[in-house]
Structure formats: C-alpha cells, structure tokens
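A.B. asks: Structure here, sequence nowhere to be found:
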C-alpha cells in the first residue's frame, strides 16, 4: 500500500510540474503570437491606406524580377497601371475581390 501511495505521489508531482509549465509556455507563446499578429495587421492596414502607387513598367525588369518586385514593394498597395503591353506572353490578369458586390 505504501508503494502505491509513493507511485501516486510521484505521478501527481510530475503532472503538478509538467502541466503548469506547459500551460505557462503556451500562454507566453500565444502572447508573442498576438503581438506579432497585431504588428502584421497594422503594417497591412498602413499599406492599404497608403496613396495609390504607380505600377512599374515591365520593360525595367528581367524574367521573374517584376513579380518579385510587385510582391515585395507593392503587396497590399493600391496601384495604377499605365502601360501598353504588345507582348501577350507578358500579360498578367488581376482581379479584385468582391464582398457583397463591392470591391
């Protein structure tokens, strides 16, 4: 009977340390994730609210470089395109997202 009580005490002790430690770690992780997410949302909102940017001409870039530039510099930005593309292999079709019939 004493051995059973001793084993039960060890199990309770292990769970008494492991469970609160795990909960504390997960709570700290959630706080770090929340802070990161708030910063990310603020950055994206600032980009959306920024003035309209001019979309650069395709002629300035080599293969693939245009897409990387658009992704890095113009992500979440409103852009204005003023260019004539006579090479249909370089065309990029962009569609807006609609919500309740509004862009």
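C.D. replies: On my side now, so go ahead. Only a predicted model underlies this, so the values are computations on that prediction, with no experimental measurement involved.
A.B. asks: The least confident helix or strand in the chain by mean pLDDT: what's the following helix or strand?
C.D. replies: Sorting the helices and strands of the chain by mean pLDDT, DSSP states H and E puts helix 65-73 at the bottom, at a mean of 71. Next helix or strand after helix 65-73 toward the C-terminus (DSSP states H and E): strand 79-80.
A.B. asks: What mean pLDDT does that following strand get?
C.D. replies: Strand 79-80 comes out with an average pLDDT of 80.
A.B. asks: contact partners of it?
C.D. replies: Strand 79-80 has contacts (C-beta atoms under 8 Å, 6 or more residues apart in numbering) with 52, 53, 54, 55. (Glycine included, C-beta is placed from N, CA and C.)
A.B. asks: Work out which residue lies at the spatial centre of the protein.
C.D. replies: A centroid search over the chain (C-alpha atoms, centre = their mean) returns residue 40, at 6.8 Å, as the residue closest to the centre.
A.B. asks: Need the contacts of strand 79-80 in TSV (columns: distance to residue 95, secondary structure and neighbour count).
C.D. replies: Conversion of the contacts of strand 79-80 to TSV gives the following (distance: C-beta to C-beta, whole Å; DSSP: H, G, I helix; E, B strand; the rest coil; neighbours: other C-beta atoms under 10 Å):
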residue	distance to residue 95	secondary structure	neighbour count
52	18	coil	9
53	19	strand	13
54	20	strand	11
55	15	coil	18
